[in-house]
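> Please work out how this folds:
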Amino acid sequence: MRKLVIFIAIVIGAMFLSPLRSAIAAEKPTVLKMPAIFADNMVLQRGIAAPVWGWAAPGEQITVSFREQKKTATANADGKWMLKLDAMTAGGPWEMDVAGNTSITIRNVMVGEVWICSGQSNMEFQLRSAHNAKEAIAESKNTQLRHFTLIKAQADQPLADCRGKWEEADPAVSGNFTAVGYFFGRKLQKDLGVPVGLIHTSWGGTPIEVWMSVKCIESDPDTAAAMEQYNRRVEQHKAALLQHQAKLAEIKAAYDKEVEIAKQQGRPAPAAPKLPAAPGGPGWKPAVLYNAMIAPIVPYAVGGAIWYQGESNAGNAKLYRKQMPMMIQSWRDDFACGEFPFLMVSLANFMQRREQPSDSGWAELREAQALTAQTCPKTGVAIAIDVGDAQDIHPRDKQSVGERLELNALALGYGKQIEYSGPVYEAMKIDGGKIRLSFKHIGGGLVAKDGDLKGFAIAGEDRKFVWADAKIDGESIVVSSPQVAAPVAVRYAWADNPECNLYNEAGLPAVPFRTDDWARK
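Have a look, this model is predicted:
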């Protein structure tokens, strides 16, 4: 028995104490090699210098020929080499020749707009499962639209490479594409008239901490605490696992003894013992997906990023207010492509609708996303409060989401003079027993879709919200309730799954908001 426990301890120690082995074996380079992101069918970012890198024997001189350019680099002592192609105009296809002691030819290369598509399960959600999937897939053939999916991996340290491949949009493969990314990219390619490449890197059920680099995490004490908490959970899990394994060994030994006694007495063997369930794991370790699914593509030249995540952080929206801007800046610094547009999807309506106004973690997370969009340059948010599903955390209408993201991209990334947002709360003024609200992004006018305005709640100094009467008055909205004689605050669409219908003339839903900053009860 003692030997068994010692063996179990050794196995668990190896699982938790040794560094996680890279999914990409670390080999000393001897021949020319390119990372997976540089492959047939790829799209290079137009308009900015585009890094090209790989590995070769130390000291080997590498020449990259592409279009009219020819650039050289020399592999360093570790075998890594990198060069930059000058900014290019859109077009293609072309071939890229990479030559050293050996050579590589990358075919069918386009130059256009490259966007990262990242987040959790609603970004991972495939086109084949979306509304109108059959029609969308059947119409998807487009040599100007390309998609690269990073194969899922985790790592304790940043990896040098990943697994994945570039594919042209085509009915044979498009069903596997990220649905939000596909609808975003399809519309962007049509509106800009240039090739579009989508780099899809997502994993369902993940919190934002796993997509942040260690450097980014450590820059903020509150976020760094997540790493410390994880380490404590690991230690607790190791101890629990040891106890569990010892208990299993004890039960097995006792059962084996009963079987032997029954055999000696000529009795039937006893029923198999009921074994206790193993303890749950320590959860997600911060930075592991940044290391394995972002770091390997840094510093590939990109034009922007779309992000659908937040469900897994709805329990701590206050911290998310800091984390989202931190991560955006960190990615911008790492990719070194300037202040590229970063566009988020506001959490969709989900869960049971409540009869009375109440606090909501999902509403607070939406607020954190909206605040990020309002305070971070070239950052936008696509509202999905009207396209969710009360019964399904994965709503199937990904086309509305993708196309609303694309409106943000056109305005924030490409300077198009269009309305890209629904009404955004700007200011309030108390007028007797009423509150007048003013908005930005009214897009030609405020609209109550399908009847009277819904989704507004009002409160006095007692902080008790009740449903309110709300009416559009020109470019503002007047809110009141006979139950609140002296109002001080208004909330709109402040619920997990609110009933709300404020839009602008451009057909875009209002951003959920509150005028107060009261802590949750």
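> Could you check how many residues crowd around Trp494?
Number of residues near Trp494 (other CB atoms under 10 Å) recorded here: 25. Yep, even glycine has a C-beta here, placed from its N, CA and C like the rest.
> Apart from its chain neighbours, what residue comes closest to it?
Once flanking residues are discounted, Trp494 sits nearest to Ala363: 4.6 Å by CB to CB, 6 or more residues apart in numbering.
> Let's see the pLDDT reported for the one you found.
Looking at Ala363, its pLDDT is 98.
> What's the local residue count around it?
For Ala363, the neighbour count with other CB under 10 Å is 25.
> Now it. Its backbone dihedrals?
The phi/psi pair for Ala363 (degrees, to the nearest 10) reads phi -60, psi -40.
> In contact with it, which residues?
Applying CB atoms under 8 Å, 6 or more residues apart in numbering, we find Ala363 in contact with 493-496, 498, 512, 514.
> What of Thr89?
Here Thr89 is in contact with 46-47, 111 (CB under 8 Å, 6+ apart).
> Name the SS class of it, please.
Counting by DSSP: H, G, I helix; E, B strand; the rest coil, the backbone at Thr89 sits in coil.
> ok, it to Gly310 distance?
Applying CB to CB, to the nearest Å, the value for Thr89 to Gly310 is 37 Å.
> before we move on, what about Asp389?
On the measure of CB to CB, Asp389 and Gly310 end up 16 Å apart.
> Might you specify the subset of the contacts of Thr89 located within strands?
Among the contacts of Thr89, DSSP state E puts Val111 in strands.
> which one among the contacts of Thr89 gets closest to Lys464?
Gly47 (53.9 Å; CB to CB).
> Tell me which residues touch the closest residue to that closest one other than its chain neighbours, please.
Once flanking residues are discounted, Gly47 sits nearest to Ala87: 5.4 Å by CB to CB, 6+ apart. Applying CB under 8 Å, 6+ apart, one finds that Ala87 lies in contact with 46-50.
> if we can go back for a sec, okay, Asp389 and Gly310: which has more neighbours?
Comparing Asp389 with Gly310 by other CB under 10 Å, the one with more neighbours is Gly310, at 24 against 15.
> Helix or strand: which one has Ala239?
Using DSSP states H and E, Ala239 maps to helix 221-265.
> Could you give the separation of that helix from the chain centroid?
Mean C-alpha position of helix 221-265 versus that of the full chain (CA atoms, centre = their mean, to the nearest Å) differs by 35 Å.
> So which other helices or strands are in contact with that helix?
Applying 3 or more CB pairs under 8 Å, 6 or more residues apart in numbering; DSSP states H and E, one finds that helix 221-265 makes contact with helix 2-17, helix 214-218, helix 317-335.
> Give me the angle between that helix and helix 317-335.
Calculated by axes from the mean of the first three to the mean of the last three CA atoms, to 10 degrees, helix 221-265 forms an angle of 100 degrees with helix 317-335.
> Give me the domain ranges for this structure.
Per the record, the chain has its domains at 1-30+234-286, 424-514, by automatic domain parsing.
> For Gly413, find the nearest of those domains.
In terms of CB to CB, the element of the domains of the chain nearest to Gly413 is domain 424-514, at 17.1 Å.
> what residues are up against the spatially most central residue of the chain?
When CA atoms, centre = their mean is applied to the chain, the residue found nearest the centroid is Gly119 (1.4 Å). Residues near Gly119 by CB under 8 Å, 6+ apart: 202, 206, 307-309, 345.
> Repeat the analysis, applying 6 Å as the threshold.
By CB atoms under 6 Å, 6 or more residues apart in numbering, the residues touching Gly119 are 202, 307-309.
> mind checking how far stretch 415-423 is from the chain centre?
Its chain's C-alpha centre and that of stretch 415-423 lie 23 Å apart, by CA atoms, centre = their mean.
> on that earlier part again, is it possible to get TSV of the contacts of Ala363 that adds distance to Glu426, secondary structure and pLDDT?
Below are those laid out as TSV (distance: CB to CB, whole Å; DSSP: H, G, I helix; E, B strand; the rest coil; pLDDT from 0 to 100):
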residue	distance to Glu426	secondary structure	pLDDT
Ala493	16	coil	98
Trp494	17	coil	98
Ala495	22	coil	98
Asp496	25	coil	98
Pro498	20	coil	98
Pro512	14	coil	98
Arg514	13	strand	98
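> which two of the residues you listed lie the greatest distance from each other?
Asp496 and Arg514 (14.5 Å).
> I'd like to know how many residues surround Val173.
Residues near Val173, counting by other CB under 10 Å, number 15.
> If you could redo that for Leu319, that was the one I meant.
18.
> how far away is the nearest residue to it once chain neighbours are set aside from Ala246?
Closest residue in space to Leu319, ignoring its immediate chain neighbours: Asp222 at 5.7 Å, by CB to CB, 6+ apart. To Ala246, Asp222 is 37 Å away according to CB to CB.
> if we can go back for a sec, so how do I select the buried members of the contacts of Ala87 in PyMOL?
One line in PyMOL is enough to select the buried ones among the contacts of Ala87; burial here means 16 or more other CB atoms under 10 Å:
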select buried, resi 46+47+48+50
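> quick one: which of the contacts of Ala87 is nearest Ala39?
Distance ranking of the contacts of Ala87 against Ala39, using CB to CB, places Ala50 first at 14.8 Å.
> That closest one contacts Met82, doesn't it?
No - counting by CB atoms under 6 Å, Ala50 does not reach Met82; the two are 11.1 Å apart.
> Give me the buried positions along stretch 186-200.
186-189, 191-192, 194-200.
> Okay, and which of these map to strands?
Among those, DSSP E puts 196-200 in strands.
> returning to that earlier point: with distance to Trp211 added, can I get the contacts of Ala363 in CSV?
Shown next, in CSV, are the contacts of Ala363 (distance: CB to CB, whole Å):
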residue, distance to Trp211
Ala493, 27
Trp494, 27
Ala495, 27
Asp496, 24
Pro498, 28
Pro512, 24
Arg514, 27
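> Nearest to Asp334, out of those residues: which one, please.
Taking CB to CB as the measure, Asp334 sits nearest to Pro512 out of the contacts of Ala363, at 31.2 Å.
> From what I see, that closest one and Ala495 are in contact.
No - using CB under 6 Å, Pro512 makes no contact with Ala495, being 8.6 Å away.
> more neighbours, the two?
More neighbours surround Pro512 than the other of Pro512 and Ala495, with 28 against 25 (other CB under 10 Å).
> who's in contact with the more buried one?
Pro512 touches 366, 493, counting by CB under 6 Å, 6+ apart.
> Could you measure from it over to Ala373?
Relative to Ala373, Pro512 is positioned 12 Å away (CB to CB).
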